[in-house]
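Enquirer: take a look and give me a structure for this.
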Amino acid sequence: MAPVKSQPSTPFASRELNGEVLLDELSDLRNAQVPQKLLSDLVLGLRDLEGVRVSEAALRLKQLAANRFSATPALASLLVRWSARLKVELDVPLLISHFERLAITAAIVASVRRASDSLKGGGR
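Expert: Just a heads-up that it's a prediction; the model follows:
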């Protein structure tokens, strides 16, 4: 058995993973009108990947994209892209954390927009 690398692969080690990358993905999902509920469902599904080997995690991500999220192409393609980036065991929990942050950020942005719209509507 090969020793497990102690460093995440390049995409997961990037300082921009939960910065610019997250904001770009959030923008893409918003433009595609991906519902917040789907992001929350995805995060719940990804928690099943905790402790799973990288090869199994990549396979499960592709299966999620093809089955559960196939009706939402933007989300399905995001899952397929990230599945291809998984290289070492340490990447799996980092991927889960990234999608958790994506869902949390989407929820916060949606709440702020609703509040802003409410204030604009109430001031007429």
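
Enquirer: check which helix or strand covers the spatially most central residue of the chain.
Expert: Centroid-nearest residue in the chain, with Cα atoms, centre = their mean: Phe99, separated by 2.9 Å. Element membership for Phe99 (DSSP states H and E) is helix 91-122.

Enquirer: go on, Val34?
Expert: Per DSSP H and E, there is no helix or strand for Val34.

Enquirer: just the buried residues of the helix holding Phe99, please?
Expert: Buried residues in helix 91-122, counted by 16 or more other Cβ atoms under 10 Å: 91-96, 98-103, 105-106. All C-beta atoms are positioned from the backbone trio N, CA, C, and that covers glycine.

Enquirer: cool, stretch 30-38 as well?
Expert: Result for stretch 30-38 [16+ other Cβ under 10 Å]: buried residues Val34, Leu38.

Enquirer: now it: how far from the chain's centre is it?
Expert: Mean-position distance between stretch 30-38 and its chain equals 12 Å (Cα atoms, centre = their mean, to the nearest Å).

Enquirer: quick one: residues in contact with it.
Expert: Outside of stretch 30-38, the residues within contact range by Cβ atoms under 8 Å, 6 or more residues apart in numbering are Phe69, Thr72, Pro73, Ala74, Leu75, Ala103, Ala106, Ala107, Val109, Ala110.
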